[in-house]
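Enquirer: Structure here, sequence nowhere to be found:
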């Protein structure tokens, strides 16, 4: 990639980010009002495109896995995977879901239980069943299908075709050398924009929950100052991790964190209502699989439209806005795997772990709510970041569980921010697999300072909407990625067949 493109992408994207940070810091009301109008218009008029596109991405992912293209390796023909299965799955989970699952594992089912669509009675058994089914749906195979389209495209064109690991590279079958011009700049700048504001919001939520967890067991009142201290400490940690590289820093932290998450999960299953949890898991999985097609394409235009817009369409836009970050990172750790292995691994393993997580924590919360009147849902309605710690208060070793969960959040915070600085550095350095330390430091400090400023000014929600607005043009980009990838693999197999035919004639 020419040096000039690296500079253009870096300077343009960094300047745009700084301008929006300044607006969020000094004019939060104006940004909030403007982004709210833009977000409402997009969800109202184009929300159905998110729903349809996510379904198409899932169909496309399955087609790539189980068609003749599934045997193509993301790398040289005899290349071995860079990471073991456990390390690979750990990094997938940490980058793709991580903080979000801990934050929403109790909060989302409880939120749907208290405020389901208008055609379902609030706080009823039907609302509880609906809440679990849609928690599975929002965190199930669709988000990973979105990630797969992005990461598979990048991995194929960079590891198989030898191009820089950039989103613009994937458009070579469509644009040719024009990927090095203004169109390519626009694609990569938009990817940087979505990545920065996607990760900022996630880190802001993570910092708030760490703060709530510590305040529940330590003698201090959660506030902005303590949140700022948490962000500062974690920033130092992830900057240290980012300097150790992908093989050591992110791999080590992700593996350790998944082991800790599984330990907490098993403990909660054993001390919690195990029978209820298994019943919830099996029943919800059956509901999810039976209604997957219906949920995938249901906009509920006659009843429940507002709920669908606020949750499902919001989530789909959110996952799309996250796809450049997760896609580039997942591609970077997946070299040496076949397309079939890559797609099935990404779709099945993180999704199944997610289902178990929601069943254990959501199922335990419902057991306490329905059987003991624990009022966890009311706690979530007051402050979503405290729902998990309210749940812990009903179980033995609640303080230990809280501390372990805070540690889990910190490490997920570190791995997410570490992964983000790596990806942002790579995107603004021409796709270098080992981006310059200076750029990683710049982007690391940028996301941390942005999170702190926006939490102080209340502008976090405004920039979250900005990232979701960026998802609309990115949806079009991802649909074109499917076309480009199909062209690429078809050309490869056709070229391979022609070579085989020539060899047979020569013989």
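Expert: Perfect, thanks for sending it. What you see is a predicted model, and the numbers here were worked out from it, not measured in a lab. Numbering: from 1, shown residues only.
Enquirer: Do me a favour and average the pLDDT over the helix or strand containing residue 104.
Expert: Assigned by DSSP states H and E, residue 104 falls within helix 98-114. The average pLDDT within helix 98-114 is 89.
Enquirer: Just after that helix, pick out the following helix or strand.
Expert: Assigned by DSSP H and E, the successor of helix 98-114 is helix 125-138.
Enquirer: relative orientation of the following helix or strand past that next one and helix 98-114 in degrees?
Expert: Per DSSP H and E, helix 125-138 leads on to helix 141-155 as the next helix or strand towards the C-terminus. Counting by axes from the mean of the first three to the mean of the last three CA atoms, to 10 degrees, helix 141-155 lies at 150 degrees to helix 98-114.
Enquirer: pLDDT averaged over helix 141-155 - what is it?
Expert: Rounded mean pLDDT across helix 141-155 is 95.
Enquirer: do the same with stretch 63-75
Expert: 95.
Enquirer: Please apply the same query to stretch 432-448.
Expert: Mean predicted lDDT for stretch 432-448 stands at 85.
Enquirer: cool, and stretch 412-422?
Expert: pLDDT averaged over stretch 412-422 gives 78.
Enquirer: who touches it?
Expert: By CB atoms under 8 Å, 6 or more residues apart in numbering, the list of residues contacting stretch 412-422 from outside reads 91, 94-95, 98-99, 102, 195, 199, 202-203, 206-207, 210, 234-235, 237-239, 241-242, 246, 249-250, 253-254, 257, 325, 329, 332, 435, 440-441, 443-444, 447-448. Quick note: C-beta positions are derived from backbone N, CA and C, even for glycine.
Enquirer: and if we set it to 7 Å?
Expert: 94-95, 98-99, 102, 195, 199, 202-203, 206, 234, 237-238, 241-242, 246, 249-250, 253-254, 257, 325, 329, 435, 440, 443-444, 447 (CB atoms under 7 Å, 6 or more residues apart in numbering).
Enquirer: on that earlier part again, now find how far off-centre the helix holding residue 104 is within its chain.
Expert: Relative to its chain's centre, helix 98-114 lies at 15 Å (CA atoms, centre = their mean, to the nearest Å).
Enquirer: contact partners of that helix?
Expert: Contacts with helix 98-114, where a contact means CB under 7 Å, 6+ apart, come from 122-123, 127-128, 130-132, 134-135, 202, 205-206, 209, 354, 357-358, 361-362, 365-366, 376-377, 380-381, 384-385, 387-388, 391, 405, 408-409, 412-413, 415-416.
Enquirer: Which ones among those map onto helices?
Expert: In helices, judged by DSSP state H, the following of these are found: 127-128, 130-132, 134-135, 202, 205-206, 209, 354, 357-358, 361-362, 365-366, 376-377, 380-381, 387-388, 391, 405, 408-409, 412-413, 415-416.
Enquirer: Now, of those residues, which are buried?
Expert: 127-128, 130-132, 134-135, 202, 205-206, 209, 354, 357-358, 361-362, 365-366, 376-377, 380, 387-388, 391, 405, 408-409, 412-413, 415-416 (16 or more other CB atoms under 10 Å).
Enquirer: Show me the shaky parts of the chain.
Expert: 1-6, 95-97, 242-250, 457-464, 466-467, 497-507 (pLDDT under 70).
Enquirer: The stretch 251-400 of the chain: strands as residue ranges?
Expert: For the stretch 251-400 of the chain, applying DSSP state E, counting those that start in this stretch gives no strands.
Enquirer: where along it do the helices fall?
Expert: 251-271, 274-290, 292-297, 305-308, 314-332, 339-372, 376-382, 387-392, 398-427 (DSSP state H, counting those that start in this stretch).
Enquirer: any chance of those helices in CSV, plus distance to residue 453?
Expert: Listed next are the helices of the stretch 251-400 of the chain as CSV, based on distance: least, CB to CB, whole Å:
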stretch, distance to residue 453
helix 251-271, 26
helix 274-290, 39
helix 292-297, 38
helix 305-308, 31
helix 314-332, 20
helix 339-372, 32
helix 376-382, 26
helix 387-392, 26
helix 398-427, 16
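Enquirer: right, so of the ones you listed, which gets closest to residue 143?
Expert: Of all these, it is helix 314-332 that lies closest to residue 143, at 4.4 Å by CB to CB.
Enquirer: Show me what that closest one is packed against.
Expert: Counting contacts by 3 or more CB pairs under 7 Å, 6 or more residues apart in numbering; DSSP states H and E, helix 314-332 packs against helix 28-66, helix 85-96, helix 141-155, helix 182-217, helix 398-427, helix 460-506.
Enquirer: Residues contacting that helix, please?
Expert: Contacts of helix 314-332 (CB under 7 Å, 6+ apart): 50-51, 54, 92, 95-96, 138, 143, 146-147, 150-151, 154-155, 158, 165, 167, 191, 194-195, 198-199, 246, 419-420, 422-423, 426-427, 467-468, 470-471, 474-475, 478.
Enquirer: Then stretch 45-57?
Expert: 142, 145-146, 149, 296-297, 299, 309, 313, 316-317, 320, 472, 475, 478-479.
Enquirer: next one: stretch 115-135 to chain centre, how far?
Expert: Worked out by CA atoms, centre = their mean, stretch 115-135 lies 25 Å from the chain centre.
Enquirer: start to end distance for it?
Expert: 13 Å (CA to CA, to the nearest Å).
Enquirer: next one: stretch 78-93
Expert: Where stretch 78-93 begins and where it ends lie 27 Å apart, using CA to CA.
Enquirer: And for that stretch, what's in contact with it?
Expert: Outside stretch 78-93, the residues within contact range by CB under 7 Å, 6+ apart are 73, 250-251, 254-255, 258, 330, 333, 335-337, 346, 349-350, 353.
Enquirer: Show the contacting residues for residue 189.
Expert: Taking CB under 7 Å, 6+ apart, one finds 9, 12, 13 in contact with residue 189.
Enquirer: and the gap between the nearest residue to residue 336 once chain neighbours are set aside and residue 87?
Expert: Leaving aside its sequence neighbours, residue 336 sits nearest to residue 81 (CB to CB, 6 or more residues apart in numbering; 3.8 Å). For residue 81, the distance to residue 87 equals 10 Å [CB to CB, to the nearest Å].
Enquirer: do the same with residue 364
Expert: Using CB to CB, residue 364 is found at 30 Å from residue 87.
Enquirer: Just give me the neighbour total for residue 486.
Expert: Residue 486: 16 surrounding residues under other CB atoms under 10 Å.
Enquirer: hang on, I meant residue 275
Expert: 10.
Enquirer: ok, and the closest non-adjacent residue to residue 453?
Expert: Distance criterion CB to CB, 6+ apart; nearest residue to residue 453, sequence neighbours excluded, is residue 25 at 4.7 Å.
Enquirer: before we move on, what about residue 427?
Expert: Using CB to CB, 6+ apart, the nearest residue to residue 427 is residue 192, at 5.4 Å.
Enquirer: okay but the one you found is in contact with residue 13, surely?
Expert: Yes: proximity of residue 192 to residue 13 meets the contact threshold set by CB atoms under 7 Å, at 3.8 Å.
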